[in-house]
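Undergrad: need a 3D model of the following:
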Amino acid sequence: MWLKNNRGQTALELLIVTLFVLIASVAIVTSFFSAEKNVVAVSIVKEAALKELAKQDTFYYLNKIEGPIYQGNDIVFKIYIEPQGNIASIPSEFSENIAKKVNDANIFPKTVQIELP
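TA: Numbering: from 1, shown residues only. Prediction:
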């Protein structure tokens, strides 16, 4: 026989409600840390992209960064860059250097890739 409080609720009902509140709290905290990790990753990608763009002969404008985008076993960031003045191609090591900096930071357990659409 379950004990009843003054509102007529049983201890089992209170236990179930407490369990649901606990599960919801864990989900909220987990999503907060996941979002914080994404913000840190984007800031690392942005900083690395700006440093790599500064090394180029042509002036480039960093338009926007999309990501992280989860594609199977990979995490992809898309960097949109607009050249100013003479149009020159961006060296292939540009995206490799950015990906290396993000992977070295160990933010994600998977490999990070950088795409230039």
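Undergrad: all strands of this protein, in order?
TA: Ranges of strands in the chain, per DSSP state E, are 59-71, 74-84, 111-115.
Undergrad: give the buried residues for the first one.
TA: In other words, strand 59-71. Neighbour-count burial for strand 59-71 flags 60, 65, 67-68 (criterion: 16 or more other C-beta atoms under 10 Å). Heads up, the C-betas are built off the backbone N, CA and C, glycines and all.
Undergrad: that one versus strand 74-84: what angle between them?
TA: Put simply, strand 59-71 runs at 160 degrees to strand 74-84, going by axes from the mean of the first three to the mean of the last three C-alpha atoms, to 10 degrees.
Undergrad: who touches strand 59-71?
TA: 38, 41-42, 45-46, 49-50, 53, 75-85, 90, 108, 112 (C-beta atoms under 8 Å, 6 or more residues apart in numbering).
Undergrad: just the buried ones from these, in ChimeraX syntax?
TA: In ChimeraX, this line selects whichever of the contacts of strand 59-71 come out buried by 16+ other C-beta under 10 Å:
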select :41,42,45,46,49,53,75,76,77,78,79,81,90,108,112
